[in-house]
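Q: generate coordinates for the sequence data below:
(one chain, ligands or ions: 2)
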Amino acid sequence: MTNIEMETKIVKPTDENLNKAKAQILNGDIVAIPTETVYGLGANAFDSTAIKKIFAAKGRPQDNPLIVHISDICELKSVASEISDTAKKLAAVFWPGPLTMILPKADAIPNEVSAGLDTVGVRMPSHKVARDFIRLCGVPIAAPSANVSGKPSPTTAFHVYNDLSGKISTIIDGGECSVGLESTVIALGDDTAEILRPGKITIDDLLTVISTVKIDDGVFTKTDDTRQVSSPGMKYRHYSPNANVIMLKGKLTDFFRYVSRHANDKTGVLVFDGEESLFTIPCISYGKKSDSKEQASKLFSALREIDTFGLKTVFARVPAKDGVGMAVYNRLLRACGFDVISLAPAYIIGLTGQTGSGKTTVSEFLEEIDMAVLNCDKISKEIISNKDVMEKLTTYFGDEILLPDKTLNRRTLALRAFENEENHCFLNSVMYPRINKKISISIRELQKKGHSTIVIDAPTLFESGADGICDTIISIIAPKELREERILVRDDLTQEQLQSRINAQHDNDFYTKRSNYIIENDGDLEQLRQKAADIIDTIETKKKACEKSKA
Ligand code: TXA
Ligand code: MG
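A: Ligands and ions are numbered 1, 2, ... in the order given. Predicted coordinates for the structure are as follows:
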């Protein structure tokens, strides 16, 4: 079927125009309407044929459900089959307003609206034109944002026109949307809520009514397209201008330097008010740095405006993440496809210690508390099977370090390497430069992903020279008998082999002299984790103090 282009009119919300638009809605057509958040593309929520037209006009994926809009609380029972006390309490405080609640769906709501789910998103907008129009139509209005799928949501009638002209007949012009970002979407539990999409109604706002508020993983992290997600809309690339947007996390001076180094005639910037004069390339501000509400109201316009320059790359300043800022950050994160570059050099923590000292336990603990850990044992295992490394090793040690299938016999290699100093030195001279190169590459990659603290977990941190790039070093030591016990449990060694391993280790003094922090692991695992946690606290406090004094 070919789509016949139609004439699209932007009309003022006069009685006459609203009545004409009502007739269109009741006739199974779609109409763009203003709300306080963004413009919506509305249809009769009970009419599955009309709903299909919304999906077609927007090019919206079929599995992304729509929000149903009501004008009065008494309409809720025609949309939702169950209205919990928690929902009632929240509606009493936040409706009319930018809060969407996910509730069990009433049978009258077609599957096209809920995209097959047994729940439905409902909200009562506070925009007068929106509510008057829904009341006039006499039916709930299902409406997603009135943009082409994937583009920034429209906050003026003109934005809607730019995206959908020829595809819809009427856009009701209710002026510029005051909030500027879509509603907060929440799933409900008993006296609890989970934020699926942040908006103007913040966690703190919700906590004035209910006891617990959680944030869904998809708010700040990329959800892969195949995974079951709580809110299907979160898995799609969103709010994207044609240009490639990249967030640069850091101070204005670092932002300026980075942009100066990387800009060409197809580069622009998205900055805060007052910063524009620094740049001679296309530059749009999205509000004051300290005013998240203003940023919310300007972001989508700014993203559309910056795109009029025909740029390839747009570097954006990073908004604060708290309060309404969480919604601004969430939308910008999606606009840039999660591409965030951290400008400040990452803080590098070196982690080392004797074999059997408990270093791995500490390393796992640091990973649990969300630090990026580079495990040099793993890196070394990868590198050692590289062709050029294997050739060097077999030339020196002979084929006896190979298994019958020509892969490396790690155990024989370890025994040969510990045989004498010369062998040990040779192995190190092959491995260390390669490991260090891999460490530098990985640090750059992690930093690009926005990690500001990176741990290098290396048994031979000092010998390899990797200590040179660490900002601080933690060493784990343990009494000799305890280490022997742990190694014996872990590895299958003869007494003689165990002793040669232990003798090859440095004594405590070696570590104390070279480290900023020493953890003596002479207690149980819980004590070890606590000691590590205390040190990390101290490091974080010092880091903050240092950043403050530099700022
Ligand atoms: O402010 C807004 O909410 C605007 C205006 C027009 O009201 N509407 C809007 O609709 O943003 P839309 O379709 O662009 O976004 C709806 C979001 C999507 O992320 C969708 O996946 C989620 O709400 N959603 C809708 N129904 C849902 C359901 N039953 N379960 C989970 N998520 C749902
Ligand atoms: Mg949308």
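
Q: low-confidence bits of this protein, can you list those?
A: For the chain, residues meeting the criterion pLDDT under 70 lie at 1-4, 224-229, 231-238, 547-551.

Q: how about the residues of it by ligand 1?
A: When proximity is defined by Cβ under 6 Å from any ligand atom, the chain lies next to ligand 1 at 35, 37-38, 40, 64-67, 98, 100, 102, 114, 117, 119-121, 143-145, 182-183, 185, 196-197, 231-234. Every residue, glycine included, has its C-beta placed from N, CA and C.

Q: contacting residues for the residue of the stretch 351-500 of the chain found nearest ligand 1?
A: Closest contact between the stretch 351-500 of the chain and ligand 1, by Cβ to the nearest ligand atom, is at Gly450 (23.5 Å). Contacts for Gly450 (Cβ atoms under 8 Å, 6 or more residues apart in numbering) come out as 249, 340-342.

Q: what does Leu18 give?
A: Applying Cβ under 8 Å, 6+ apart to Leu18 gives the contacts 129, 132-133, 136, 172.

Q: name the helices or strands packed onto the helix or strand hosting Glu112?
A: Using DSSP states H and E, Glu112 sits in helix 111-114. When contacts are defined as 3 or more Cβ pairs under 8 Å, 6 or more residues apart in numbering; DSSP states H and E, helix 111-114 sits against helix 48-58.

Q: what does the helix it packs on rub up against?
A: 3, 25, 28-30, 41-45, 60, 62, 66, 110-113, 142-144, 146-149, 164, 167-168.

Q: show me what counts as buried in the helix or strand that contains Glu526.
A: Secondary structure from DSSP H and E places Glu526 in helix 525-550. By neighbour count with 16 or more other Cβ atoms under 10 Å, helix 525-550 contains the buried residues 528-529, 531-532, 535-536, 539.

Q: check stretch 424-434 too.
A: So, applying 16+ other Cβ under 10 Å, buried residues of stretch 424-434: 426-427, 430-432, 434.

Q: residues in contact with it?
A: 380, 383-384, 386, 389, 392-393, 396, 413, 417-418, 460, 463-465, 504.

Q: quick one: contacts for the closest residue to Pro144 other than its chain neighbours?
A: Among residues not flanking Pro144 along the chain, Leu66 sits closest, at 5.1 Å (Cβ to Cβ, 6 or more residues apart in numbering). Listed by Cβ under 8 Å, 6+ apart, the contact partners of Leu66 are 45, 51, 54, 113-115, 121, 142-144.

Q: go again using 7 Å as the cut-off
A: By Cβ atoms under 7 Å, 6 or more residues apart in numbering, the contact list for Leu66 reads 51, 54, 113, 142-144.

Q: neighbour-wise, which of the residues you listed leads?
A: Sorting the contacts of Leu66 by how many neighbours each has (other Cβ atoms under 10 Å) puts Ala142 first, at 31 neighbours.

Q: measure that one to Asp173 for me?
A: Using Cβ to Cβ, to the nearest Å, we find Ala142 at a distance of 21 Å from Asp173.

Q: again with Ile109
A: Ile109 is 29 Å from Asp173, by Cβ to Cβ.

Q: so between those two, which is more surrounded?
A: The residue with more neighbours, out of Ile109 and Asp173, is Ile109; 25 against 21, by other Cβ under 10 Å.

Q: wait, that one sits on Thr119?
A: No. Applying Cβ atoms under 7 Å, one finds Ile109 not in contact with Thr119, separated by 9.8 Å.

Q: before we move on, which element is the residue lying farthest from the centre of the chain in?
A: Distance to the chain centre peaks in the chain at Glu496, reaching 51.2 Å (criterion: Cα atoms, centre = their mean). Assignment of secondary structure by DSSP H and E places Glu496 within helix 495-503.

Q: which residues are contacting that helix?
A: 355, 418, 480, 483-484, 487-488, 493.

Q: please repeat the previous calculation with a cut-off of 10 Å.
A: The contact list for helix 495-503 (Cβ atoms under 10 Å, 6 or more residues apart in numbering) reads 354-356, 414-415, 418-419, 480, 483-484, 487-488, 491, 493-494.

Q: of these - the most surrounded one?
A: Gly356 (25 neighbours).

Q: what's the following helix or strand after the longest helix along the chain?
A: Using DSSP state H, we find that the single longest helix of the chain is helix 421-448. Downstream of helix 421-448, the next assigned helix or strand under DSSP H and E is strand 453-457.

Q: which strands or helices does that following strand pack on?
A: When contacts are defined as 3 or more Cβ pairs under 10 Å, 6 or more residues apart in numbering; DSSP states H and E, strand 453-457 sits against strand 347-353, helix 359-368, strand 372-375, helix 376-384, helix 421-448, strand 472-477, helix 525-550.

Q: try it again at 6 Å.
A: Counting by 3 or more Cβ pairs under 6 Å, 6 or more residues apart in numbering; DSSP states H and E, the packing neighbours recorded for strand 453-457 are strand 347-353, strand 372-375.

Q: so Gly268, which state does it fall into?
A: For Gly268, the assignment made with DSSP: H, G, I helix; E, B strand; the rest coil gives strand.

Q: can you pull the contacts of it?
A: Each residue near Gly268 by Cβ atoms under 6 Å, 6 or more residues apart in numbering is listed here: 281-282, 306, 309, 311, 314.

Q: just the terminal-to-terminal distance for stretch 337-349.
A: Using Cα to Cα, to the nearest Å, the end-to-end distance of stretch 337-349 comes to 29 Å.

Q: do stretch 327-342 as well
A: End-to-end distance for stretch 327-342: 20 Å, by Cα to Cα.

Q: circling back: can you say which of the contacts of Gly450 are buried?
A: 249, 340-342.

Q: pipe those into CSV and attach secondary structure per row.
A: Formatted as CSV, those follow (three-state DSSP):
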residue, secondary structure
Lys249, strand
Val340, strand
Ile341, strand
Ser342, strand
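
Q: let me know the closest of the residues you listed to ligand 1.
A: For these, the nearest to ligand 1 is Val340 (21.3 Å; Cβ to the nearest ligand atom).

Q: report the beta-bridge partner residues of the closest one.
A: Met247 (DSSP bridges).

Q: can I assume it is in contact with Ile246?
A: No. Here Val340 lies out of contact with Ile246, judged by Cβ atoms under 6 Å, at a distance of 7.6 Å.

Q: give me the nearest residue to Glu7, chain neighbours excluded.
A: Ser169 (6.8 Å).

Q: actually Trp95, not the one I typed
A: Distances taken as Cβ to Cβ, 6+ apart place Met124 nearest to Trp95, at 4.2 Å, with adjacent residues excluded.

Q: what count of nearby residues applies to that neighbour?
A: Neighbours of Met124 (other Cβ under 10 Å): 24.
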